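Undergrad: Sequence and predicted structure, then a few things I'm wondering about:
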Amino acid sequence: MRIGFVGLGVMGFPMAGHLVRAGHELSVYNRSPAKALRFAEAHGARAVETVKEAAYGSEALILCVGNDDDVRGVVAEALDELNSQAVIVDHTTTSAKLAREVAERAALNGHAFLDAPVSGGQAGAEKGALTIMVGGDQQAFDQMAPVLAAYGKAIRRMGEAGTGQLTKMVNQICIAGVVQGIAEAMHFAARAGLDLSQVHAAVSQGAAQSWQLDNRWHTMAEGKFDFGFAVDLMRKDLGIALDEARSNGSTLALTALVDQFYADVQKLGGRRWDTSSLVARLER
């Protein structure tokens, strides 16, 4: 498939690489042109200087950018350049309202739009093992699912436009609570004089087991946070979830509290630290 790919950050760069290895023809755009050139040199893709060039004649446009306004701007610039049957896939974490808005605008131009946020972090993107939560038209999903399989291990359509983003909010709500629980458990264990490595070996074999416990306990114990999903991005995502909660009447007391704990981590200088850095707030 001829694909325009916009956004070559820590997630987009490896995701786009998997598409090239799967045999797709890519035109890549990034706000920092040097990154697009570096990708093109590494993977044999075509680096372009504008979104319009990336979209021109493409059968699919895939986005992995920053926020609602970024998505809105990219789609507005791309719509008139795409192949008449092209599908737009947005991997950015945005509001569900934005997803529905862009889906409606794309439909006016004859294009399907899939909101398809991902989970699995940089490591998942590099391994091609992301979870992808998709909202949008069933036919468009069926068309694009084999393409997304280049970097997705679990790809599920959740419903119509916006439901992918709503499911990603659920994902982030779960993560926030789990990481805070692990941070407090580690803080407690350390104050109790327990061997943290032995504690992990014990509790990770029971009901407390989780991805976060298995992948973040030891780095948290060592105070290492210079990797992974940044606190700034988590606060953006939790802000989206809290806004949605105010709209649908749900109560997210714990999520709101953990969001403020992440604000404390930012004040410690941890804006780009991994989300597991919640433990640093307790220790410092």
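TA: Now that the structure is in, tell me what you want to look at.

Undergrad: max-length strand in this protein?
TA: In the chain, taking DSSP state E as the definition, the longest strand is strand 152-159.

Undergrad: Helix or strand next in line after that one, which one?
TA: As assigned by DSSP states H and E, the chain's next helix or strand after strand 152-159 is helix 163-191.

Undergrad: Go ahead and confirm residue 236 touches residue 92.
TA: No - applying C-beta atoms under 8 Å as the test, residue 236 and residue 92 come out as separate, 10.4 Å apart. Any C-beta I mention is one placed from the backbone N, CA and C, and that applies to glycine too.

Undergrad: where do the contact lists of those two overlap?
TA: residue 67 (C-beta atoms under 8 Å, 6 or more residues apart in numbering).

Undergrad: can you pull out the strands in the stretch 1-150 of the chain?
TA: Using DSSP state E, counting those that start in this stretch, the strands of the stretch 1-150 of the chain run over 2-6, 25-29, 46-47, 60-63, 87-90, 112-115, 118-119, 130-135.

Undergrad: Quick one: list the elements packing against the third one.
TA: Translated: strand 46-47. Applying 3 or more C-beta pairs under 8 Å, 6 or more residues apart in numbering; DSSP states H and E, one finds that strand 46-47 contacts strand 25-29, helix 33-43.

Undergrad: ok, now the fourth one?
TA: In terms of contacts (3+ C-beta pairs under 8 Å, 6+ apart), strand 60-63 is packed against strand 2-6, helix 12-21, helix 68-78, strand 87-90.

Undergrad: try it again with 6 Å
TA: When contacts are defined as 3 or more C-beta pairs under 6 Å, 6 or more residues apart in numbering; DSSP states H and E, strand 60-63 sits against strand 2-6, strand 87-90.

Undergrad: Likewise for the first one?
TA: Judged by 3+ C-beta pairs under 6 Å, 6+ apart, strand 2-6 is in contact with strand 25-29, helix 51-55, strand 60-63.

Undergrad: If we use 8 Å, what do you get?
TA: Applying 3+ C-beta pairs under 8 Å, 6+ apart, we find strand 2-6 packed against helix 12-21, strand 25-29, helix 51-55, strand 60-63, helix 68-78.
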